[in-house]
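S.K.: starting from these lines, generate the structure:
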Amino acid sequence: MNRIIPPFLLAAVLLCFPAPTQAQQYGNGLIDKVVAIVGNEVIQLSTIEGEVRDMMVQGVVSDRNIRCKVLENMLVQKLLLNQARLDSIPMRHDIVEQNLDERIQYMKSALGGEKGVENYYNKPLFRLRQDWRELLGEQVLTMGMRQKLQEAHPPLTPKEVEIFYNQVDKDSLPIIPIQYQIRQIVIYPPKEEAVLLVQERLLEFRERILNGSSFAALASAYSEDLGTVLRGGELGLTAKQFFHPPFADAAMALRPGQVSQIVETPDGFHLIQLIEKTEDEMFNARHILLRPKFSNEIRQKAFRTLDSLKSQILADSITFELAAVQYSMDPKSRNSRGLVADENTGSTFFEKDQLNPADYNALRNLQPGQISDTYEATDSGLTPGRPNDGKSGNTVYKVIKLERIIPAHPANIKEDYQVILDFATNQRLEKVVEDFIAQKQKTTYIRIDPLFWECPFQRPGWIK
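M.R.: Okay, the predicted model is just below:
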């Protein structure tokens with residue numbers, strides 16, 4: 001089951017919201033104290049310890065200076081926050097509340113609901129809301145201050161980008177991985193018969209379950225969701241917005257133990273059995289996922305059609321581009337003579353990881369200008385530019401032409417202007433922020449506890 005918002009993003013959440021744990025004990029049994037003041041902002045020792053603990057949970061290797069690095073990052077943020085308050089940067093309460101709701105749902109999904117969150121943090125949820133709302137508000141103001149610093153400088157002109165490129169150390173430029181440009185001819189097999197067979201199969205399962213068969217046993221035996229099949233199709237307690245709306249709506253409409261009618265999502269066709277749901281719109285359910293399968297006759301017909309087109313192209317009876325316009329069933333690439341483009345950026349060049357695995361397997365031994373054999377893929381691979389496991393989506397048949405290969409190389413201004421522009425813009429913003437920090441260190445009241453006087457800070461000027 002492909003959730004709309006992948007749970008692995010929780011790692012970032014945990015880094016942003018450290019769990020309250022008892023701080024490391026320092027000399028004389030010290031557990032907590034204010035260790036830095038920046039203008040009107042304070043930094044507590046317990047905050048540093050909580051951040052360090054969660055960094056280590058996420059795999060960051062602790063060294064003797066890790067607390068110094070964390071403190072310096074916090075000092076920078078407090079300088080920006082202090083200036084944001086002085087400059088009356090507007091607080092976007094709508095963004096704060098939206099982000100707060102998202103964070104709480106992440107935590108509930110990861111920790112087993114509201115009780116799990118409260119037990120993990122040893123705080124009631126209303127207190128956590130207060131703490132997180134304050135932290136998110138600070139983040140919004142800090143980002144607003146960074147944006148204000150950036151907006152004080154107009155966008156770089158092409159001439160400025162060229163000057164930057166000519167002066168920058170070329171070893172510092174980003175490395176552009178190998179990229180591929182492809183054209184394709186796609187045939188969609190008729191779905192009606194295959195969909196009907198899937199629906200009949202799921203109706204059979206539903207009848208068996210209603211007559212006493214185990215939903216979990218059937219899910220383990222037949223479901224095509226490899227992520228849940230070993231758990232009898234169980235998804236785990238999760239917020240409803242992490243699922244496709246038809247799936248979430250169907251699950252939330254059930255009573256515990258009840259089995260849904262057939263539900264269609266972009267992943268395929270489902271039966272759902274609700275295990276439990278909470279008042280805060282979370283649910284745990286089992287599901288059985290089936291996807292339409294096409295007969296060998298349909299497959300062979302598609303292969304014969306594409307093999308015939310390939311033979312005509314190789315015999316110069318028709319060009320690949322014209323064949324794509326006349327015969328391809330994918331409207332996006334057909335309208336561009338078979339050329340595949342990213343639907344978000346418009347780019348026609350893709351790195352290996354941006355391609356459907358079936359597409360990459362078909363092109364990896366080709367030379368520019370050559371055409372692949374006919375192969376089976378999924379239509380989720382028709383929009384490269386986002387990671388794809390090649391295991392979900394509708395079955396399609398296709399041949400591709402490798403148009404061009406760009407070898408891996410350091411970014412250059414001719415072929416990678418946008419990359420150079422972004423790099424130059426980021427470099428300038430970094431310098432603007434660093435200049436701001438250096439200036440504000442001189443004019444802002446900053447006091448750091450002697451515990452941290454020996455820190456090898458990256459920037460001088462913290463200790464006064």
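
S.K.: contacts, neighbours, all on C-alpha from now
M.R.: Fine.

S.K.: can you give me the strands for the stretch 351-464 of the chain?
M.R.: 375-378, 395-406, 409-410, 446-448 (DSSP state E, counting those that start in this stretch).

S.K.: quick check: which of these is nearest to N335?
M.R.: N335 sits nearest to strand 395-406 of all the strands of the stretch 351-464 of the chain, at 15.5 Å, using Cα to Cα.

S.K.: model confidence over the closest one, on average?
M.R.: The pLDDT scores in strand 395-406 average 95.

S.K.: gap between R103 and A239?
M.R.: 11 Å (Cα to Cα, to the nearest Å).

S.K.: quick one: which of the two has more around it?
M.R.: A239 (24 against 20; other Cα atoms under 10 Å).

S.K.: hang on, the earlier thing: quick one: which of the strands of the stretch 351-464 of the chain is nearest S336?
M.R.: That would be strand 395-406 among these, by Cα to Cα, at 13.3 Å.

S.K.: and the nearest residue to Y360 once chain neighbours are set aside, how far from K78?
M.R.: The spatially closest residue to Y360, leaving aside those adjacent along the chain, is K352, at 6.8 Å (Cα to Cα, 6 or more residues apart in numbering). Distance, K352 to K78, by Cα to Cα: 41 Å.

S.K.: could you pull out the strands in this protein for me?
M.R.: 34-38, 41-44, 175-176, 179-187, 238-239, 263-265, 268-277, 282-290, 350-351, 375-378, 395-406, 409-410, 446-448 (DSSP state E).

S.K.: more neighbours: K352 and K78, which one.
M.R.: Per other Cα under 10 Å, whichever of K352 and K78 has more neighbours is K78, with 22 against 19.

S.K.: mind listing what that one touches?
M.R.: V38, E41 (Cα atoms under 8 Å, 6 or more residues apart in numbering).

S.K.: how close does R364 sit to A438?
M.R.: From R364 to A438 the distance is 50 Å (Cα to Cα).

S.K.: what does V96 give?
M.R.: Remark: distance between V96 and A438 (Cα to Cα) = 29 Å.

S.K.: same check, this time on D249
M.R.: 53 Å.

S.K.: likewise K123?
M.R.: Taken as Cα to Cα, the span from K123 to A438 is 39 Å.

S.K.: next: P246.
M.R.: P246 is 53 Å from A438, by Cα to Cα.

S.K.: and what of I406?
M.R.: 42 Å.

S.K.: can you list the strands of the stretch 351-464 of the chain in TSV and add distance to Y417 and mean neighbour count?
M.R.: As requested, the strands of the stretch 351-464 of the chain are exported to TSV (distance: least, Cα to Cα, whole Å; neighbours: other Cα atoms under 10 Å):
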stretch	distance to Y417	mean neighbour count
strand 375-378	33	20
strand 395-406	15	21
strand 409-410	12	14
strand 446-448	42	18
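
S.K.: for S88, find the nearest of the ones you listed.
M.R.: Per Cα to Cα, nearest to S88 of the strands of the stretch 351-464 of the chain: strand 446-448, 20.8 Å.

S.K.: where does the closest residue in space to H93 that isn't next to it in sequence land on pLDDT?
M.R.: Nearest non-adjacent residue to H93, counting by Cα to Cα, 6+ apart: G137, 7.6 Å away. Per-residue pLDDT puts G137 at 91.

S.K.: likewise for the one 4 residues further on?
M.R.: Predicted confidence (pLDDT) for L141: 93.

S.K.: low-confidence stretches in the chain?
M.R.: 1-31, 50, 53-54, 56-59, 61-62, 379-393 (pLDDT under 70).

S.K.: all helices for the stretch 1-150 of the chain, in order.
M.R.: 10-16, 45-57, 66-86, 93-111, 113-121, 125-151 (DSSP state H, counting those that start in this stretch).

S.K.: what sits against F164?
M.R.: Counting by Cα under 8 Å, 6+ apart, F164 has contacts A424.

S.K.: mind checking how far it is from G369?
M.R.: 36 Å.

S.K.: where along the stretch 251-400 of the chain do the helices fall?
M.R.: 296-314, 320-327, 331-334, 357-363.

S.K.: measure I176 to Y327 for me?
M.R.: Taken as Cα to Cα, the span from I176 to Y327 is 34 Å.

S.K.: what is the neighbour count of P190?
M.R.: 11.

S.K.: correction: S317
M.R.: Neighbour tally, S317, other Cα under 10 Å: 12.

S.K.: try T425
M.R.: When neighbours are counted by other Cα under 10 Å, T425 comes out with 17.

S.K.: for K293, same thing?
M.R.: Other residues close to K293 by other Cα under 10 Å number 14.

S.K.: about what we covered before: wait, which of the helices of the stretch 251-400 of the chain is closest to D87?
M.R.: The nearest among these, by Cα to Cα, is helix 331-334 at 47.8 Å.

S.K.: mind giving me the packing neighbours of the closest one?
M.R.: strand 179-187, helix 320-327 (3 or more Cα pairs under 8 Å, 6 or more residues apart in numbering; DSSP states H and E).

S.K.: out of those, which one sits most buried?
M.R.: strand 179-187 (a mean of 23; mean count of other Cα atoms under 10 Å).

S.K.: report the contact partners of the closest residue to A362 other than its chain neighbours.
M.R.: Spatial nearest neighbour of A362, chain neighbours left out: S372 (5.9 Å); criterion: Cα to Cα, 6+ apart. If you count contacts by Cα under 8 Å, 6+ apart, S372 has them with A362, L363, L366, V399, I400, K401.

S.K.: specify the beta-bridge partners of the fourth one.
M.R.: It refers to V399. I185 (DSSP bridges).

S.K.: so what's it up against?
M.R.: By Cα under 8 Å, 6+ apart, the contact set of V399 is Q184, I185, V186, L306, K310, I371, S372, D373, T374, Y375.

S.K.: and with 6 Å instead?
M.R.: Q184, I185, S372, T374 (Cα atoms under 6 Å, 6 or more residues apart in numbering).

S.K.: from these, pick the one nearest V340.
M.R.: Distances from V340 to the contacts of V399, taken by Cα to Cα, are shortest for Q184, at 7.1 Å.

S.K.: ok, which of the helices and strands packed on helix 331-334 comes nearest K293?
M.R.: strand 179-187 (15.2 Å).

S.K.: coming back round to it: need the contacts of S372 in JSON lines (columns: distance to E234).
M.R.: Putting the contacts of S372 into JSON lines (distance: Cα to Cα, whole Å) gives the following:
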{"residue": "A362", "distance to E234": "35"}
{"residue": "L363", "distance to E234": "37"}
{"residue": "L366", "distance to E234": "42"}
{"residue": "V399", "distance to E234": "38"}
{"residue": "I400", "distance to E234": "39"}
{"residue": "K401", "distance to E234": "42"}
